[in-house]
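Engineer: sequence unavailable; structure follows:
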Ligand code: SME
């Protein structure tokens with residue numbers, strides 16, 4: 001569940017920053033999303049670079065998964081299927097690539113250029129079943145808003 005007021009406020013602020021410095025924008029997205037919802041305990045933006053997903057910006061703990069081969073983990077699944085992955089219980093999913101011991105659920109939202117997935121928003125929560133439809137719609141909106149800036153660093157090779 002997201003607090004709708006803060007979600008709307010976030011989108012408004014995001015819109016006003018879209019044309020600013022890209023790194024600052026992505027840092028804003030990751031950090032502020034964690035304030036929108038207390039269940040968002042780690043937020044990252046991965047970008048497709050050839051056959052890999054490269055972590056561009058994140059807020060929360062450091063992860064060793066800075067580069068993920070497409071094919072591995074829930075992060076890849078969102079790219080390969082070009083669809084949102086909402087896993088309520090990471091411990092029950094054999095595709096899951098463990099990052100943090102505290103993570104219980106994960107939401108991965110593709111960021112697209114037209115129909116092509118070029119990156120993703122990855123959210124980890126320390127609470128099981130933390131993400132619902134409302135979160136999916138909200139984060140898809142965020143992804144759509146920043147897709148033009150993700151395109152700047154996306155690469156086919
Ligand atoms: N859990 C992800 C890996 C990235 S970390 O959550 C930051 C996965 O299964 O692909």
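Structural biologist: The structure has been received and is ready for your questions. Only a predicted model underlies this, so the values are computations on that prediction, with no experimental measurement involved.

Engineer: and the helix or strand bottoming out on mean pLDDT in the chain, which residues are buried?
Structural biologist: Taking mean pLDDT, DSSP states H and E as the measure, helix 4-17 is the helix or strand of the chain with the lowest mean score, a mean of 89. Of the residues in helix 4-17, 7, 10, 14 count as buried by neighbour count, 16 or more other CB atoms under 10 Å. From N, CA and C alone the C-beta is placed, and that goes for glycine too.

Engineer: what's the closest non-adjacent residue to the closest residue to the ligand within the chain?
Structural biologist: Using CB to the nearest ligand atom, the closest approach of the chain to the ligand is made by residue 73 at 2.3 Å. Spatial nearest neighbour of residue 73, excluding adjacent residues (CB to CB, 6 or more residues apart in numbering): residue 97 at 3.3 Å.

Engineer: in which helix or strand would I find the one you found?
Structural biologist: Using DSSP states H and E, residue 97 falls within no helix or strand.

Engineer: what residues does this protein have near the ligand?
Structural biologist: Contact residues (CB under 6 Å from any ligand atom) of the chain with the ligand: 44, 63, 65, 68, 73-75, 96-97, 99, 106, 122, 124.

Engineer: sketch out the strands for the chain, chain order is fine.
Structural biologist: 42-49, 52-59, 67-69, 85-87, 105-113, 116-125 (DSSP state E).

Engineer: show me the shaky parts of this protein.
Structural biologist: 1-5 (pLDDT under 70).

Engineer: for the residue positioned nearest the centre of it, which non-adjacent residue is spatially closest?
Structural biologist: Against the mean C-alpha coordinate of the chain, by CA atoms, centre = their mean, the closest residue is residue 121 at 1.4 Å. Using CB to CB, 6+ apart and skipping residues adjacent in sequence, the residue nearest residue 121 is residue 109, 4.6 Å away.
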